[in-house]
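J.: What follows is a protein structure lacking sequence information:
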């Protein structure tokens, strides 16, 4: 179970003050377990399908794991949930939890690492690879803290984006990162990509995404846009004023095009 031990102080405070039920559950779980000792375990009589439905409605993988304190029957049920959400959880705990998931694929994997965790590129790559092994239909990853290496704090650092060959939607927000595609493999099912605060070679990405319909990139270092795609229907770009120098779009199915610039030219 994803225990609170090992979480940083800020993450624990955010967990306890969060709007979902996990705050109350974390405070009362031990008292509830003690009170039910020796009494009839009615939770164990509930069918698995109904328990899974209940755990899914909690909206938090960490809270679902903590239900194991109420009944031994619930101890590992969270590992079979089709949707997993990790907010206010330390990166190492998220990665450890992903290794315990028993489903061959997920419908949703939502990870939000708070800004008090500054991750180095290998840690980000490792977490993304763990996510790719679960083949989520929809992937959302937000790193609020700056990603950096030990030698360069200003220029974007490279992070490998694994091949999510069975994922339909990817949304990533990873500051100060340049995403690098793997040497082999295509994103065959990918239909929607949203990138914020991170860079990628747009031309290479489109070549590897034969089914991509929507591409949204919001970054401040966008120098050129080369978009050649037979499937792309919507293109939404944001770049800093004065940096965008080249625009080359060939997309016969394109229905919506938006290119915005922000900031002031120096």
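T.: In hand now; what should we look at? Not measured: the values here are computed from a predicted model.

J.: Now do the helices in this structure.
T.: Assigned by DSSP state H, the chain shows helices spanning 9-17, 22-36, 48-58, 61-66, 91-98, 121-133, 202-207.

J.: Could you list the low-confidence segments of the chain?
T.: By pLDDT under 70, the low-scoring segments of the chain are 1-45, 47-52, 54-59, 64-74, 148-154, 220, 241-242, 263-266.

J.: contacting residues for the closest residue to residue 225 other than its chain neighbours?
T.: Excluding its sequence neighbours, the residue lying closest to residue 225 (CB to CB, 6 or more residues apart in numbering) is residue 247, at 5.2 Å. In this view, the C-beta of every residue, glycine as well, is placed from N, C-alpha and C. Contact analysis of residue 247 by CB atoms under 8 Å, 6 or more residues apart in numbering lists 224, 225, 259.

J.: Sort out which of those are buried, if you could.
T.: The neighbour count (16 or more other CB atoms under 10 Å) marks residue 225 as buried among the contacts of residue 247.

J.: Let me have the contacts of residue 247 in JSON lines, extended by distance to residue 194.
T.: Below are those laid out as JSON lines (distance: CB to CB, whole Å):
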{"residue": "224", "distance to residue 194": "20"}
{"residue": "225", "distance to residue 194": "16"}
{"residue": "259", "distance to residue 194": "16"}
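
J.: closest to residue 79 among the contacts of residue 247?
T.: Nearest to residue 79 among those: residue 225, at 41.8 Å, using CB to CB.

J.: Test my guess that the closest one contacts residue 248.
T.: Yes. The pair residue 225 / residue 248 is scored as a contact, 6.9 Å apart, by CB atoms under 8 Å.

J.: before we move on, the earlier item: and the residue nearest to residue 225, how far is that from residue 195?
T.: 18 Å (CB to CB, to the nearest Å).

J.: do the same with residue 98
T.: From residue 98 to residue 195 the distance is 22 Å (CB to CB).

J.: residues touching residue 106, list them.
T.: Applying CB under 8 Å, 6+ apart, we find residue 106 in contact with 82, 83, 84, 134, 135, 136, 137.

J.: Once you drop chain neighbours, what's closest to the second one?
T.: This means residue 83. Take residue 83 and drop its neighbours on the chain: the residue closest to it by CB to CB, 6+ apart is residue 108, 4.1 Å away.

J.: what about that neighbour, neighbour count?
T.: 15 (other CB atoms under 10 Å).

J.: Which residues are in contact with residue 168?
T.: The contact partners of residue 168, by CB under 8 Å, 6+ apart, come to 137, 138, 189, 190, 191, 192.
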